[in-house]
Each structure stands twice: as structure tokens, then as C-alpha cells.
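A.B. asks: heads up, no residue letters with this:
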């Protein structure tokens, strides 16, 4: 995406309609989505006119400004876990890297000296419980679990009681990701939210939606459904290395008004990083040496 934008701006001397069309195409093919792309290009057009910009290269600063606003630099992209105790509910469809993200977040907090506990709230799949236990062992944190098919809200209830008794700083809860039946998902997440509000009112709360960046517009559709079902406070965008096109970050920020808080950029334990909008925008417009 960055290379293409740079190339187009260099290949044009003057600002004209053809240039705007090329930029539009780059954004759409980079997974920004039609709606978000139109918003960006319309703003670019009117700002260029307003500021009487005629040189193509000068559009770079305008684009930086527009994308910075879109990503809402002023909005907090930090996880809301201070002061402890805190509870993080992880939601998302199966296969997006939810369990791996839980393990990596647990590792980060443990490295900071925090006491962490995990809850295996995705009771629908036995594999999800096993996977979480593997991550628990790897990171060195306990996992509260019931057997497969148990009521997720009951697992979260037990985990909260355990977190209180052990004076845990951060409790991270997995949840089921069955999108094909929205009503079930709604009921399940609704029950879990009630338990959290009732049993742990003093805890800081985050509900993080895990999305796979490589699925592009599909990720935005998933986000819209989850947003209807529960109060999402942030997005964890996995697999942003490799085949992901990056524009999906813009689409999520613009269409959903949810901050991207963490990005997965590799397989390693430390490859889940805090999302810093300024760095993202700068990376798009770095000068090629």
C-alpha cells in the first residue's frame, strides 16, 4: 500500500482527477473498503482545493493528516487495565487467532510483573479448552476451566471468584465464537456480561474483538455483527504481517469507530504489539531510500 501510494504520487506532476482515481483504486485494493476510501478521497479533493495544492507530491502531507484523523490519534489505544483488578473478555470467530492472542497478552502482563489468570469460556469446543491450557503452561499462568459443553457464564463466574481470592491483577477470558447463530452468541455473551457486572463491578473492563487482517472486508463484517451483540472496547488485529494489506486498519477505524489496540505481526510470543496510529501513518509514507 505504501509503495503504491508513493509510486503514484511520484508519477504525477499535477493534481488532477486521474490521480484521485488511482489513489482510490490503491485504497480499495488495500482492503480499506469502498465506504472508507470514498470518505478519504472526498476529503483529499476538498482539502487540496481549499489549500490550492497543485503539486502531486504535496498531497502526501494532506493524506497523512486525513489518515491521522481517521485513526483518531486522540483516542486511547492503551488497554484499560490500571488500576487492577481488570478483566478482559476476548471475542471473535474461531480461527482468527483468539487463543494465541490471549496467550501473548498473558505473557506481556506476566512480564510486567502482574498476576494473571485465564478462563476457558469457549466451552463449545474441547480443542479451545486444550489450546488455552497449552498457552497457560507455556506462559506459566493458571487456567480456570469446566468440561466441554458447560455453561460459559458459570466458567467466568468461577474464574472471577478465583481471581478475587488470589488477588489477580488481570483475568483474561476466552468466549465462544459461533457466528452462524447470532441469537445464541448474543445470549451467551449477554449472560457473561451480566455475571461480570454483578460479580466484578470494581474491575476495569475491556472487551477485545480479535480479527484476522488477511480476511479484509470480511473482518469488518464480523466486527459489525459483534458490535451489535456486545460492547466492543478495542480490536486485536492478527496476521498483519505477510499477506494482509493494511488498509483494513483504516476500514475498522472509520466504519466501526472502535480503536485498534493490538496488532499481531508474527508468530513469536512478543509479536503482539501495541498499535500506535502515528507509527502506522508514518510507515505508509516513509521515504524510500
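C.D. replies: Perfect, I can see it now. As the structure is a prediction and not an experimental result, all values here were calculated from the model.

A.B. asks: Tell me where the stretch 51-200 of the chain has strands.
C.D. replies: Secondary structure of the stretch 51-200 of the chain (DSSP state E, counting those that start in this stretch): strands located at 86-91, 116-119, 142-144, 170-174.

A.B. asks: Who are the packing partners of the third one?
C.D. replies: If I follow you right, that is strand 142-144. If you count contacts as 3 or more C-beta pairs under 8 Å, 6 or more residues apart in numbering; DSSP states H and E, strand 142-144 packs onto strand 116-119, helix 126-139, helix 152-165. C-beta: built from backbone N, CA, C; applies to glycine.

A.B. asks: Any idea which of these has the lowest pLDDT on average?
C.D. replies: In terms of average pLDDT, helix 126-139 trails the rest of the helices and strands packed on strand 142-144, at a mean of 93.

A.B. asks: in terms of contact count, name the helices or strands touching that one.
C.D. replies: Taking 3+ C-beta pairs under 8 Å, 6+ apart as the contact cut, helix 126-139 packs with helix 98-111, strand 116-119, strand 142-144.

A.B. asks: Comparing these, which comes out most buried?
C.D. replies: Among the helices and strands packed on helix 126-139, the stretch with the highest mean neighbour count (mean count of other C-beta atoms under 10 Å) is strand 116-119, at a mean of 26.

A.B. asks: what does that strand rub up against?
C.D. replies: Contacts with strand 116-119, where a contact means C-beta atoms under 8 Å, 6 or more residues apart in numbering, come from 102, 106, 109-110, 132, 135-136, 139, 141-145, 155-156, 158-159, 162-163, 166, 168-174.

A.B. asks: longest strand in this protein, by residue count?
C.D. replies: Longest strand in the chain, counting residues (DSSP state E): strand 204-212.

A.B. asks: Could you tell me the angle between it and strand 170-174?
C.D. replies: 40 degrees (axes from the mean of the first three to the mean of the last three C-alpha atoms, to 10 degrees).

A.B. asks: re the thing from before, could you point out which of the helices and strands packed on helix 126-139 sits nearest residue 254?
C.D. replies: helix 98-111 (23.0 Å; C-beta to C-beta).

A.B. asks: which residues touch the closest one?
C.D. replies: 79, 81, 88, 90-92, 116, 118, 122, 128, 131-132, 135-136, 138-141, 169-170, 172, 174, 177, 208, 210, 236, 238, 262, 264, 269-272.

A.B. asks: If we use 6 Å, what do you get?
C.D. replies: 90, 92, 116, 131-132, 135, 139, 141, 170, 172, 174, 210, 236, 269, 272 (C-beta atoms under 6 Å, 6 or more residues apart in numbering).

A.B. asks: Stretch 36-49 too?
C.D. replies: Contacts for stretch 36-49 (C-beta under 6 Å, 6+ apart): 15, 20, 24, 27, 28, 62, 66, 250, 251, 254.
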